[in-house]
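give me the fold of what follows.
(chains A and B)
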2 protein chains.
Amino acid sequence: MSKDEIKVIPEPSLRRLVHYHHLVKDLIKCGAEEISSATIARELYLDSIQVRKDIQFTGIVGKPKRGYNAKELLAAIETVLNWNNTFQAFLVGCGKLGRAMLHYPNFTNYGLEFVAAFDVNPDMTDTRINGISVLHTEQLVKLAKRMHIHLGVITTPAEAAQEAADLMIEGGIEAIWNFAPSRLKVPENVIVENAQFSETLGVLTNKLKNIGR
Amino acid sequence: MSKDEIKVIPEPSLRRLVHYHHLVKDLIKCGAEEISSATIARELYLDSIQVRKDIQFTGIVGKPKRGYNAKELLAAIETVLNWNNTFQAFLVGCGKLGRAMLHYPNFTNYGLEFVAAFDVNPDMTDTRINGISVLHTEQLVKLAKRMHIHLGVITTPAEAAQEAADLMIEGGIEAIWNFAPSRLKVPENVIVENAQFSETLGVLTNKLKNIGR
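Now for the predicted structure:
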């Protein structure tokens, strides 16, 4: 695809498209063949004009009064989210969260496959977690280059996250999914998506305050 | 605080305030006594007018050309995020992710303390994880009422999430932090904050697509 053809989709739309994906998948399981933007809007408490605008980014066109073909809609959302591809990924930090991630069975549905994990703890290296080799972080750069890895996941403690990111970038990794509660400094061409728990927790606890808790 | 005094802060501002919190804490550790909005903007790649607007929600006032008193700023952000309070919370779903959450040592910094965990698996009930009792979900409603629990965390598989939410709501829980990849149907007065991994992953994998991966 040439650069000219790429539509940059706003992040709030992308986030909503993830939720449409879960919903459409559920509805297909329940036998739905056509799904309207009004249904999606009602189920997810959104405005149906908003839903239509978001779905327009996928390029799919619905039929008046009937909606979208359910399977085509799911496929179109998966194409936009790039979940019809599978990215081989490295994970750094095999503590409790890292282990939970390595055991999570559904990442392949989201285009992610862990091919190796890394840790600095010598007790942990050269073991396997859920069948995935755990190696010392010293080996990361060389292996990332050799295997042409594009995606890295950081589940280290805060103070180890920048070093993990530096190694990933040196190894040619272009996109980092960061779970450590730490800001990463990266070159402009590296994509970082922060998935810190604290972000949604802060929104929740603030709302509890608003109801007097 | 009376309802009239409550300022509802937009969610994007709340999410950024969480990141300011991490940064300000780091900078205080490094010896900073005053922090300007320009510094925060530069470190987090944001616009400094945006940063000033967000911080205005906390009610703190900076000094021209010097910025905010660092400790006062941290305290003001913690007050807005309600992290100077501690909420006792129940967790439902003691699989890998649930266990990782129960072991995470830093939730008390974010105003969250797990007081009990629940699961439907009889092999797991009446055990302890990181010192926290695991009980059968049958006991949730009664205990939530008796202990006046306001906050619930769901780390079940998708198909068990709605039932967990229903029990929580029956027990009087007012705010749910949902990690299960599932939409929850809740009454209007119940707060739900979704923390599904897939949301940030979708943004990341879409961006990989934009650079031709």
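
please count neighbours and contacts with C-alpha atoms only from this point.
Noted.

what's the strand ranked longest in chain A packed up against?
Criterion DSSP state E: the longest strand present in chain A is strand A:112-119. Under the contact criterion of 3 or more Cα pairs under 8 Å, 6 or more residues apart in numbering or on different chains; DSSP states H and E, strand A:112-119 touches strand A:87-92, strand A:132-136.

contacts for the first one, please.
Residues outside strand A:87-92 that contact it (Cα atoms under 8 Å, 6 or more residues apart in numbering or on different chains): A:98, A:111-119, A:137, A:144, A:149-156, A:164.

and the pLDDT for the residue nearest to residue A:195 when sequence neighbours are not counted?
Among residues not flanking residue A:195 along the chain, residue A:179 sits closest, at 5.0 Å (Cα to Cα, 6 or more residues apart in numbering or on different chains). Looking at residue A:179, its pLDDT is 92.

also the one 5 residues further on?
Model confidence at residue A:184, expressed as pLDDT, equals 88.

was I right about it contacting residue A:159?
No. Under the criterion of Cα atoms under 8 Å, residue A:184 makes no contact with residue A:159, lying 10.6 Å away.

and residue A:31, how many neighbours?
9 (other Cα atoms under 10 Å in any protein chain shown).

from residue B:51, how far off is residue A:205?
21 Å (Cα to Cα, to the nearest Å).

tell me which helix or strand comes right after the longest helix along chain A.
Scanning chain A for the longest helix, with DSSP state H as the assignment, gives helix A:11-29. Next along the chain after helix A:11-29, taking DSSP states H and E as the criterion, comes strand A:34-35.

each with direction, which strands does that following strand pair with?
Using DSSP bridges, the strands paired with strand A:34-35 are strand A:68-69 (antiparallel).

relative to helix A:11-29, how tilted is the helix or strand just after the strand it pairs with?
Next along the chain after strand A:68-69, taking DSSP H and E as the criterion, comes helix A:70-81. Angle of helix A:70-81 versus helix A:11-29, following axes from the mean of the first three to the mean of the last three Cα atoms, to 10 degrees, is 150 degrees.

does chain B sit close to stretch A:158-168?
No. Using Cα under 8 Å from any Cα of the partner chain, stretch A:158-168 stays clear of chain B, with a minimum separation of 10.0 Å.

give the buried residues for that stretch.
Judged by neighbour count using 16 or more other Cα atoms under 10 Å in any protein chain shown, the buried positions of stretch A:158-168 are A:160-162, A:164-168.

among those, which ones are in helices?
Checked against DSSP H, the buried residues of stretch A:158-168 include these in helices: A:161-162, A:164-168.

any weak-confidence spans in chain A?
Chain A contains residues with pLDDT under 70 at A:1-6.

need the residues that contact the longest helix of chain A.
A:35, A:40, A:54-55, A:70-71, A:73-74, A:77-78, A:81, B:181-183, B:198-200, B:202-203.

using CSV, list the CA coordinates for that helix.
Taking C-alpha atoms only, helix A:11-29 is exported to CSV below (Å, rounded to 0.1, in the frame of the first residue of the first chain):
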residue,chain,number,x,y,z
GLU,A,11,-7.5,7.1,18.1
PRO,A,12,-10.9,7.5,19.7
SER,A,13,-12.4,5.9,16.6
LEU,A,14,-9.9,3.0,16.8
ARG,A,15,-10.7,2.4,20.4
ARG,A,16,-14.4,2.3,19.7
LEU,A,17,-13.8,-0.1,16.7
VAL,A,18,-12.2,-2.5,19.1
HIS,A,19,-15.4,-2.5,21.1
TYR,A,20,-17.5,-2.9,17.9
HIS,A,21,-15.3,-5.9,17.1
HIS,A,22,-16.1,-7.6,20.4
LEU,A,23,-19.8,-6.9,20.0
VAL,A,24,-20.1,-8.0,16.4
LYS,A,25,-18.2,-11.2,17.3
ASP,A,26,-20.7,-11.9,20.1
LEU,A,27,-23.7,-11.1,17.9
ILE,A,28,-22.4,-13.4,15.1
LYS,A,29,-22.1,-16.2,17.7
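
and it, what's buried?
A:11, A:13-25, A:27.

cool, stretch A:131-142 as well?
Within stretch A:131-142, the residues scored as buried using 16+ other Cα under 10 Å are A:133-137, A:140-141.

from those, which is closest to residue B:191?
Distance to residue B:191, by Cα to Cα, is smallest for residue A:134 among the buried residues of stretch A:131-142, at 39.3 Å.

which residues does that closest one form beta bridges with?
Applying DSSP bridges, one finds that residue A:134 bridges with residue A:117, residue A:127.

from memory it sits against residue A:115, does it?
No. If you go by Cα under 8 Å, residue A:134 and residue A:115 don't touch, sitting 9.6 Å apart.

can you list contacts of the helix or strand containing residue A:192?
For residue A:192, the element it lies in under DSSP H and E is strand A:191-194. Strand A:191-194 is contacted from outside by A:174-179, A:184, B:200-201, B:203-204, B:207-208, using Cα under 8 Å, 6+ apart.

of residue A:205 and residue B:51, which one has the most company?
Between residue A:205 and residue B:51, counted using other Cα under 10 Å, residue A:205 has the larger neighbour count: 26 against 21.

thinking again about what came up before, of the buried residues of stretch A:158-168, closest to residue B:45?
Closest to residue B:45, out of all of the buried residues of stretch A:158-168 and judged by Cα to Cα, is residue A:162, at 16.4 Å.

OK, contacts around the closest one?
A:182-185.

give me the nearest residue to residue A:121, chain neighbours excluded.
Using Cα to Cα, 6+ apart and skipping the chain neighbours, the partner closest in space to residue A:121 is residue A:136 (7.5 Å).
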